[in-house]
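K.L.:
sequence and predicted structure, then a few things I'm wondering about:
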Amino acid sequence: MLRKIIFFAVLFLLLTFTVSFCPVVTQWDRSLLLFVQKYLSFLPVWLPMLPDCILYTAMLIIPLLGFGIYFIKNRLWKDLIILYSVPLITFILNCILKPLIRRPRPPLELHITDIHPDSFSYVSSHSLVTMCLWGMVIWYLNEYCQNRFLKSLLISVSILWILFVGLSRVWIGVHNPTDVLGAYLLGLCLLSIYIFIEKYSL
């Protein structure tokens, strides 16, 4: 598990360095962003907007509330603390990374909605918290869910939601693809740390 933590951390640092000091990456980002928008333009605009509406909030509350009740009922205090630390830790990391990297958002002409965030771009906060929270959901489902069909269904939904949130940020033009990739790599590093704590701490 320590190897995974180091692996994802190194990948994240390499990507962060590349994004910060290689302008050509931003050019590639723009090309990929336009490609995504072009080939998904036949779909309604409200679809990629879902992670910016009440559904996103619901998809944060549902696992926190559902697993929170389960953990309290079964006195799984370590699991409860770890789960509820996810939104806090990801928020703190975003507050540190975005002003530190100071990467601008894609230009306004690439935004296909009226949403124009005024914060910096790297990393995608939506993608980071979704990767961490729903990654932990997948872990807990593997650990505690005994119904194979339900487990497979919920894990599939979790993976699709993680991928959809990242895609939606690029689709509506508020993030570069590497913003999302960086969030996923950092999220995988955090997940590895959380799982290490779950497995090896008292």
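P.N.:
In hand now; what should we look at?
K.L.:
output the below-cut-off pLDDT ranges for this protein.
P.N.:
Filtered on pLDDT under 70, the chain yields the residue ranges 201-202.
K.L.:
try it again at 80.
P.N.:
1-2, 115-117, 199-202 (pLDDT under 80).
K.L.:
which parts of stretch 127-139 are buried?
P.N.:
Using 16 or more other Cβ atoms under 10 Å as the test for burial, stretch 127-139 gives 127-139. Any C-beta I mention is one placed from the backbone N, CA and C, and that applies to glycine too.
K.L.:
so is Thr16 in a helix, a strand, or just coil?
P.N.:
helix (DSSP: H, G, I helix; E, B strand; the rest coil).
K.L.:
neighbours of it, how many?
P.N.:
20 (other Cβ atoms under 10 Å).
K.L.:
surely it touches Arg102?
P.N.:
No: using Cβ atoms under 8 Å, Thr16 is not in contact with Arg102; the gap is 11.9 Å.
K.L.:
follow-up on the earlier one: okay if I get the buried residues of stretch 127-139 as a markdown table plus distance to Leu185 and secondary structure?
P.N.:
Shown next, in a markdown table, are the buried residues of stretch 127-139 (distance: Cβ to Cβ, whole Å; DSSP: H, G, I helix; E, B strand; the rest coil):
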| residue | distance to Leu185 | secondary structure |
| --- | --- | --- |
| Ser127 | 10 | helix |
| Leu128 | 10 | helix |
| Val129 | 14 | helix |
| Thr130 | 14 | helix |
| Met131 | 9 | helix |
| Cys132 | 12 | helix |
| Leu133 | 16 | helix |
| Trp134 | 16 | helix |
| Gly135 | 12 | helix |
| Met136 | 17 | helix |
| Val137 | 19 | helix |
| Ile138 | 17 | helix |
| Trp139 | 18 | helix |
